[in-house]
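Chemist: Test case, fold it:
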Amino acid sequence: MNAVNLPSRRVCIVQMGGIGDAVHGLPIVNALKRDDPDRHITWVTPPEPVPLLQSHTAVDQLVAFDRKRRVRGVAELWRQLRPHRFDLVLNFGRYLKTALPTFFSRAPHKICYARDWSRDLVWLLANHHMPRPQETDHRQDQLLQFIEYIGVSPEPIEWQITLSENERSKRDESLGRFSGRPLVGVVVSSGRTHKDWPTDRFACVASVLEKDFGCQLMLLGGPGSHELKRAREVAEKTGAQVEWALGPDLRQLIYLIDGCDLVIAPDTGPLHIARALDTPVIGIYANTDPTTEGPYRAFEDLWVDRYNYDGPNQPTEEKFIGAQEGRMTLISVSDVLEKVERAMASYARKFSTNKPISTSSAQ
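Modeler: As a prediction, this is how the structure comes out:
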């Protein structure tokens, strides 16, 4: 890609996605600041990722755009963006929800995806366009192309999610009683039901981890009714003693993931937080492709991939399009426990057992 020389001292990032999308945006703002420490960066985001971003050293101003507030939300967005004179807007989205922040920025240079990849006529708001990504491009790589377009090197890839002294103290206090036992964080829900693995299989994995490997299990997640329901089902079905750590505090989720020896999760935001914190993570995939949605450049050997493989050494004959309820049942308990063993051997220092996995449980 040939770089284009554009003014970029005052940059507005528009990213109206979830927590995982915000994690993918962090290497972009870090690279922009590394390239020019005096560059001013404003980030427009939905409310959910705000706790992740608000204390980040590469973000000078955070603008929360709550579309659920409708007219009031739009008015607040306009009030916060109006005083700025941006040079450049990087719109990472494809859909209509990114249109107003891009338009309100009034920047002379706006970059978004080209017409064949954008939706809802969003491409009309930009005067510079990124090409349609390749099918195998990771989400992270898709965003890194935006700064390569303006001649900024993305390397080294850095997330720089840091904990305050108070958060480190809370982490140590919360997890100190598990000292000497491997701590496994389990995220049982994603943002989409078609990406959720059956709760009885999560429960079986939890039982085996406690019984055969002496692990402490911690249920992680947010406060949504769907998440809470599924977590309760896992807690009720498993024979393991599980620590309950679901709730609305995203910063707590971050420092708990940082304290885990291993995380098990479907394709969801906490999985990408784990990657950014370099916490080993087993990603379980059947409805999304780990090649594009998995932990970026790490823990590929811990993928449970039933998107590209219907079973051991059986490539999927045809790529399917869209969500397919039931595909997650292609993933067995044994599939996940195999990756647990690999994680124990390769990544988590506290894991030291040589006990075999219980064949009665791993079905």
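Chemist: which regions of the protein sit below the pLDDT cut-off?
Modeler: 1, 311-314, 316-323, 348-363 (pLDDT under 70).
Chemist: which residues in it form strands?
Modeler: For the chain, applying DSSP state E gives strands covering 10-14, 40-45, 61-64, 88-91, 109-113, 128-130, 183-187, 216-221, 242-246, 262-266, 281-285, 304-305, 309-311, 314-315.
Chemist: Kindly reformat these as a markdown table containing distance to Asp137.
Modeler: C-beta here means a position set from N, CA and C on the backbone, and glycine is covered the same way. Formatted as a markdown table, the strands of the chain follow (distance: least, CB to CB, whole Å):
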| stretch | distance to Asp137 |
| --- | --- |
| strand 10-14 | 19 |
| strand 40-45 | 23 |
| strand 61-64 | 27 |
| strand 88-91 | 17 |
| strand 109-113 | 12 |
| strand 128-130 | 11 |
| strand 183-187 | 25 |
| strand 216-221 | 29 |
| strand 242-246 | 33 |
| strand 262-266 | 21 |
| strand 281-285 | 17 |
| strand 304-305 | 17 |
| strand 309-311 | 20 |
| strand 314-315 | 20 |
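Chemist: Please name the residues that touch Ser55.
Modeler: Contacts for Ser55 (CB atoms under 8 Å, 6 or more residues apart in numbering) come out as Thr162, Ser164.
Chemist: Any chance of the backbone angles for it?
Modeler: phi -110, psi 10 (degrees, to the nearest 10).
Chemist: I'd like the distance between it and Ser207.
Modeler: To Ser207, Ser55 is 38 Å away according to CB to CB, to the nearest Å.
Chemist: neighbours around Tyr309, how many?
Modeler: Close neighbours of Tyr309, defined as other CB atoms under 10 Å, add up to 16.
Chemist: try Arg342
Modeler: Arg342: 15 neighbours (other CB under 10 Å).
Chemist: Hmm, Asp301 and it touching each other?
Modeler: Yes: judged on CB atoms under 8 Å, Arg342 makes contact with Asp301 at a distance of 6.0 Å.
Chemist: pull the longest helix from this protein.
Modeler: helix 19-35 (DSSP state H).
Chemist: Are there helices or strands packed against that helix, and which ones?
Modeler: strand 10-14, strand 40-45, helix 50-53, helix 139-149, helix 269-276 (3 or more CB pairs under 8 Å, 6 or more residues apart in numbering; DSSP states H and E).
Chemist: Pipe the ones you listed into JSON lines and attach distance to Arg232 and mean neighbour count per row.
Modeler: Below are those laid out as JSON lines (distance: least, CB to CB, whole Å; neighbours: other CB atoms under 10 Å):
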{"stretch": "strand 10-14", "distance to Arg232": "37", "mean neighbour count": "25"}
{"stretch": "strand 40-45", "distance to Arg232": "30", "mean neighbour count": "23"}
{"stretch": "helix 50-53", "distance to Arg232": "25", "mean neighbour count": "20"}
{"stretch": "helix 139-149", "distance to Arg232": "31", "mean neighbour count": "20"}
{"stretch": "helix 269-276", "distance to Arg232": "18", "mean neighbour count": "27"}
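Chemist: And the longest helix of the chain, what's buried?
Modeler: Along helix 19-35, these residues count as buried under the neighbour rule (16 or more other CB atoms under 10 Å): 19-34.
Chemist: Let me know the closest of these to Gln142.
Modeler: For those, the residue nearest Gln142 by CB to CB is His24; the value is 8.4 Å.
Chemist: circling back to that earlier point, just give me the closest of the buried residues of helix 19-35 to Gly93.
Modeler: For those, the nearest to Gly93 is Asp21 (8.7 Å; CB to CB).
Chemist: The closest one against Phe92, yeah?
Modeler: Yes: applying CB under 8 Å, one finds Asp21 in contact with Phe92, separated by 7.4 Å.
Chemist: list the residues that contact both of these two?
Modeler: Gln15.
Chemist: coming back round to it: Serialize the helices and strands packed on helix 19-35 to a markdown table and add fields for distance to Ser105.
Modeler: Supplementary listing: the helices and strands packed on helix 19-35 in a markdown table, determined by distance: least, CB to CB, whole Å:
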| stretch | distance to Ser105 |
| --- | --- |
| strand 10-14 | 5 |
| strand 40-45 | 8 |
| helix 50-53 | 18 |
| helix 139-149 | 15 |
| helix 269-276 | 26 |
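Chemist: So which of these is nearest Glu155?
Modeler: It is, among the helices and strands packed on helix 19-35 and with distance given as CB to CB, helix 139-149, at 9.0 Å.
Chemist: Helices of the stretch 101-250 of the chain, residue ranges please.
Modeler: 139-149, 165-175, 199-213, 225-237, 250-259 (DSSP state H, counting those that start in this stretch).
Chemist: Need those in CSV (columns: distance to Ala274).
Modeler: Shown next, in CSV, are those (distance: least, CB to CB, whole Å):
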stretch, distance to Ala274
helix 139-149, 14
helix 165-175, 14
helix 199-213, 17
helix 225-237, 17
helix 250-259, 5
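Chemist: Kindly state which of the ones you listed is positioned closest to Leu219.
Modeler: Closest among those, using CB to CB: helix 225-237, at 4.8 Å.
Chemist: Render the CA-only coordinates of that closest one in PDB, please.
Modeler: What follows is helix 225-237, C-alpha atoms only, in PDB (Å, rounded to 0.1, in the frame of the first residue of the first chain):
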ATOM      1  CA  SER A 225     -29.400 -11.300  32.000                       C
ATOM      2  CA  HIS A 226     -28.300 -13.800  29.300                       C
ATOM      3  CA  GLU A 227     -24.800 -13.900  30.800                       C
ATOM      4  CA  LEU A 228     -26.100 -14.300  34.400                       C
ATOM      5  CA  LYS A 229     -28.500 -17.100  33.400                       C
ATOM      6  CA  ARG A 230     -25.900 -19.100  31.600                       C
ATOM      7  CA  ALA A 231     -23.300 -18.600  34.400                       C
ATOM      8  CA  ARG A 232     -25.900 -19.800  37.000                       C
ATOM      9  CA  GLU A 233     -26.500 -22.900  34.900                       C
ATOM     10  CA  VAL A 234     -22.800 -23.700  34.800                       C
ATOM     11  CA  ALA A 235     -22.500 -23.200  38.600                       C
ATOM     12  CA  GLU A 236     -25.500 -25.400  39.200                       C
ATOM     13  CA  LYS A 237     -24.400 -28.200  36.800                       C
END
